[in-house]
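*Asks:* mind folding the following:
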Amino acid sequence: MPSIKPGTLVRLAVWTFGWLLAVSTPAKRPVRCTERLRFEQSKTSMITFDELAAKWKLRPIRNCSGRFIILTSETELSPQELLGNGVEIYTFNVATARDTVLVARLGGGGLISYRRADGTHLHTLNTGEGFERKLQDLGIEI
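*Replies:* Sure thing, here's the model as predicted:
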């Protein structure tokens, strides 16, 4: 199977032995694959929405029910540092978002992070409904 280079516009998702080769996208909202990621399988259970909500201070996003900004104070954390091992994180360039979008499905919801040009992140914690609604708005399927 040929590999798909980062930046290639694709319309399907293919997983082979843990390698993400492409991303899925609705026809009207193209999303570009930006990273080919390898995920380690972990024996630990998946982190949940409730666990993250209890660990961090959250600020509700106005007019977006089920979506919250995670306030990590002055500490800059990547999504991997925030979630730990065993969580799959997908990376997308979306035409309607100025920053790179990183997405992880969690028990009871999901994390959508935005990686700014300077390398810092804005993390949003989402309930199941808020997560699905925002993914649809961004044109992302995982």
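*Asks:* which pLDDT value belongs to Leu77?
*Replies:* The model reports Leu77 with a pLDDT of 92.
*Asks:* let me see the contact set for the closest residue to it other than its chain neighbours.
*Replies:* Leaving out its chain neighbours, the residue that sits closest to Leu77 by C-beta to C-beta, 6 or more residues apart in numbering is His121, at 7.0 Å. C-beta coordinates here come from the backbone N, C-alpha and C atoms, glycine included. His121 makes contacts with 76-79, 102, 113-115, as judged by C-beta atoms under 8 Å, 6 or more residues apart in numbering.
*Asks:* can you tell me which of these has the most neighbours?
*Replies:* The most neighbours of any of these, using other C-beta atoms under 10 Å, belong to Ser113, which has 24 neighbours.
*Asks:* I'd say that one and Asn126 touch.
*Replies:* No: Ser113 lies out of contact with Asn126 (C-beta atoms under 8 Å); the separation is 10.9 Å.
*Asks:* show me the shaky parts of this protein.
*Replies:* Residue ranges of the chain with pLDDT under 70: 1-45.
*Asks:* what bridges to the residue nearest to Leu138 when sequence neighbours are not counted?
*Replies:* Distance criterion C-beta to C-beta, 6+ apart; nearest residue to Leu138, sequence neighbours excluded, is Val94 at 5.1 Å. Beta bridges link Val94 to Val31 when assigned by DSSP bridges.
*Asks:* show me the strands in this structure, by range?
*Replies:* Secondary structure of the chain (DSSP state E): strands located at 15-16, 19-20, 31-33, 57-60, 67-71, 90-94, 100-106, 109-115, 121-127.
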